[in-house]
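Trainee: I need the structure of the sequence given here:
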Amino acid sequence: MTVQNGDELTELKNQIRKTAHANRKSQADKDSVSEQITTTVMDLPEYKAAKTIMWYVDVRDEVRTRHALPSAIATGQKIVVPFCVDGELELFHLESMDELETGMYKILEPRADLREVASKRVPVDQLDFVLVPGVGFDDQGGRTGHGKGYYDKLLENARQDAPLIALAFDCQMFPEIPMQSHDIYMDKVVTETAVHPGRGRAS
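Mentor: Numbering: from 1, shown residues only. The predicted model follows:
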């Protein structure tokens, strides 16, 4: 997508976010639609082959994931979830849903008393498979988040061979997301009706 200047790009991304938020908010039956999406993801060969998998814990109107976490943990694969510290995402080894608590802004996150336990911290280069939330996507793997760059900063340090897989409702798909040099394309975008192969980081 050709965008003439930074102001135009910022405005265009803001418009996409506004539309995506409205679409996501009005998405009917989020729980069962989310189950379709997470089932598809967990059936992907690259998911099954991974030893260490980063999930996110859904907030607000994102594709739900918390229903799938217990079964993900039960597979024996190492399940990791991110949490935010001073604008950066840190990684936590999740072994039980009891290790989560409702924190600031009603977000479900790792318990405060466990976050500094050395054995619970996971370096980003240990991830074999990464699930990524977002606000708007396109079928090339283009993604826009909330504009704070939390995930971009994390993903730029993920291993090149670790697939980046976004979860989205169909209503979050757009013809094209305007991308900048620091934005990262997803390897796949999984919705309730399709698995869109993205350009990935090789693009």
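Trainee: ok, the nearest residue to residue 200 once chain neighbours are set aside - contacts?
Mentor: The spatially closest residue to residue 200, leaving aside those adjacent along the chain, is residue 187, at 4.2 Å (CB to CB, 6 or more residues apart in numbering). To be clear about C-beta, it is placed using only N, CA and C from the backbone, and glycine gets the same treatment. Counting by CB atoms under 8 Å, 6 or more residues apart in numbering, residue 187 makes contact with 141, 163-165, 197-198, 200-201.
Trainee: Residue 45 versus residue 187, what's the distance?
Mentor: When distance is defined by CB to CB, to the nearest Å, residue 187 is 13 Å away from residue 45.
Trainee: same check, this time on residue 185
Mentor: Distance from residue 185 to residue 45, counting by CB to CB: 20 Å.
Trainee: Neighbour count: these two, which is higher?
Mentor: Per other CB atoms under 10 Å, whichever of residue 185 and residue 45 has more neighbours is residue 185, with 20 against 7.
Trainee: A helix includes that one, no?
Mentor: No. Residue assignment for residue 185, taken from DSSP: H, G, I helix; E, B strand; the rest coil, gives coil, which places it outside any helix.
Trainee: Cross the contacts of residue 187 against helices and list the overlap.
Mentor: Assignment to helices by DSSP state H places none of the contacts of residue 187 there.
Trainee: Which member of those is positioned nearest residue 21?
Mentor: Of all the contacts of residue 187, residue 141 has the smallest distance to residue 21: 20.5 Å, by CB to CB.
Trainee: Name the nearest residue to that closest one, sequence neighbours excluded.
Mentor: Of all residues apart from its sequence neighbours, residue 198 sits closest to residue 141 (CB to CB, 6+ apart), at 1.9 Å.
Trainee: was I right about that neighbour contacting residue 183?
Mentor: No. The pair formed by residue 198 and residue 183 falls short of the contact definition of CB atoms under 8 Å, at 12.0 Å.
Trainee: what is in contact with those two at once?
Mentor: Any residue near both residue 198 and residue 183 by CB under 8 Å, 6+ apart counts here, and that gives residue 142.
Trainee: Residue 105 and residue 64: what is the separation?
Mentor: Spatial separation of residue 105 from residue 64 under the definition CB to CB is 17 Å.
Trainee: how about residue 125, secondary structure?
Mentor: Going by three-state DSSP: residue 125 is helix.
Trainee: what about it, distance to residue 159?
Mentor: Plainly put, residue 125 is 6 Å away from residue 159 if you go by CB to CB.
Trainee: list the contacts for the spatially most central residue of the chain?
Mentor: Among the residues of the chain, the one closest to the centroid is residue 132, at 1.5 Å (CA atoms, centre = their mean). Shown in contact with residue 132 (CB under 8 Å, 6+ apart): 56, 143, 151, 155, 164-167, 186.
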